[in-house]
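Enquirer: Coordinates only, no sequence provided:
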């Protein structure tokens, strides 16, 4: 991060356009380069809004008309499956930018997945809030890693 702070736009460009770069949104790369907490709700919104429901094609004479209704989606993560989908995308980008953190990022994903599994579905919102608090703490302090589970007991 220290080297990236010299020219964050160039660091972001190098990450985004590298031939092995995972597909990830521009503001997410900005968050990674700046050392900020990645907004998983943004990832979820991008993925959900890309879906189309009821796609149809009609032909009238020589004219072909394609239409569909955009699937309405929550802009906030509210389920385990939505969290996992967003986290998997974010973790691929984090691990691409910081390959030395792969084990840490994988362990954190498993840790949160276990939290989901241990709670009733009606309580998954608590796990989602916990995750946001942990990721904000890790991003804001630089003294914690995702695997410092004991440091998150007070959350």
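Expert: Sure thing, it's come through. Since the model is a prediction, treat every value here as computed from it, not as a measurement.
Enquirer: buried residues in stretch 35-46?
Expert: 37, 38, 39, 40, 41, 42, 43, 44, 45, 46 (16 or more other CB atoms under 10 Å). From N, CA and C alone the C-beta is placed, and that goes for glycine too.
Enquirer: What of stretch 84-95?
Expert: By neighbour count on 16+ other CB under 10 Å, the buried set for stretch 84-95 is 85, 86, 87, 89, 90, 91, 93, 94, 95.
Enquirer: which residues sit in contact with the nearest residue to the fourth one once chain neighbours are set aside?
Expert: Nearest residue to residue 89 in three dimensions, chain neighbours excluded: residue 43, at 5.3 Å (CB to CB, 6 or more residues apart in numbering). Residues counted as contacts of residue 43 (CB atoms under 8 Å, 6 or more residues apart in numbering) are 25, 28, 85, 86, 89, 90.
Enquirer: doesn't residue 29 make contact with the last one?
Expert: No. Using CB atoms under 8 Å, residue 90 is not in contact with residue 29; the gap is 10.9 Å.
Enquirer: Could you list the low-pLDDT ranges of this protein?
Expert: 1-2, 50-56, 66-74 (pLDDT under 70).
Enquirer: for it, what spans make up the helices?
Expert: 8-17, 26-34, 40-49, 80-97, 102-117, 124-141 (DSSP state H).
Enquirer: out of those helices, which comes closest to residue 147?
Expert: Nearest to residue 147 among the helices of the chain is helix 102-117 (5.0 Å), distances taken as CB to CB.
Enquirer: Hey, what's the angle from the closest one to helix 80-97? Just curious.
Expert: 170 degrees (axes from the mean of the first three to the mean of the last three CA atoms, to 10 degrees).
Enquirer: elements contacting helix 102-117?
Expert: Helix 102-117 is packed against helix 80-97, helix 124-141, with contacts defined by 3 or more CB pairs under 8 Å, 6 or more residues apart in numbering; DSSP states H and E.
Enquirer: Contacts for that helix, please.
Expert: Taking CB under 8 Å, 6+ apart as the rule, helix 102-117 contacts 80, 83-84, 87-88, 91, 94-95, 124, 127, 130-131, 134, 145-147, 149.
Enquirer: Identify each buried residue in it, please.
Expert: For helix 102-117, using 16+ other CB under 10 Å, the buried residues are 104, 105, 108, 109, 112, 115, 116.
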